[in-house]
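[1] What shape does this take:
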Amino acid sequence: QVQLVESGGGLAQAGGSLRLSCLASGRTFSTAIMGWFRQAPGKEREFVAGLSWNGGRTTYAESVKGRFTISRDNAKNTMYLQMNSLKPEDTALYYCGTDGRGWPPLGFRYWGQGTQVTVSS
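    Residues are numbered from 1 along each chain as shown. A predicted model of the protein is given here:
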């Protein structure tokens, strides 16, 4: 079993930055595709960013490309999402996932509980 715990969400102003973290425990973390999805109120969960097992390959949704950066530290079993130039439309509950399928990942076998990001205008 794998447990994922997100942190780092909160309130930011438009143009500001936040860094989300996802700490993994349980099964082997270092060989899995990982990534982030988000879900805004009244909308479906959508892909944000994906990361290969060694961090050498990344992919982003068009809406966040150039503003968000995904990374991982396998020694710390932690994945990150650095979010810059935030916009009000980035407001959502952000979920990290691991053991993804497809590229970009269509979903993950394991998900965290989510961390709320709210961007004010």
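[2] quick one: the most centrally placed residue in the chain and residue 85, what's the gap?
    Closest residue to the average C-alpha location of the chain: residue 36 at 2.7 Å, with C-alpha atoms, centre = their mean. Separation of residue 36 from residue 85 (C-beta to C-beta, to the nearest Å) stands at 17 Å. C-betas here are computed from N, CA, C, even on glycine.
[3] cool, and residue 10?
    From residue 10 over to residue 85 the distance is 16 Å, taken as C-beta to C-beta.
[4] next one: residue 110
    From residue 110 across to residue 85, the span is 30 Å (C-beta to C-beta).
[5] So these two - more neighbours on which side?
    More crowded of residue 110 and residue 85, by other C-beta atoms under 10 Å: residue 110, with 18 against 13.
[6] Quick check on the closest residue to the more buried one other than its chain neighbours: phi, psi?
    Distance criterion C-beta to C-beta, 6 or more residues apart in numbering; nearest residue to residue 110, sequence neighbours excluded, is residue 2 at 4.3 Å. Main-chain torsions, residue 2, degrees, to the nearest 10: phi -120, psi 140.
[7] was I right about residue 48 contacting residue 60?
    Yes - the pair residue 48 / residue 60 is scored as a contact, 7.3 Å apart, by C-beta atoms under 8 Å.
[8] shared neighbours, these two?
    Taking C-beta atoms under 8 Å, 6 or more residues apart in numbering as the criterion, residue 48 and residue 60 both touch residue 68.
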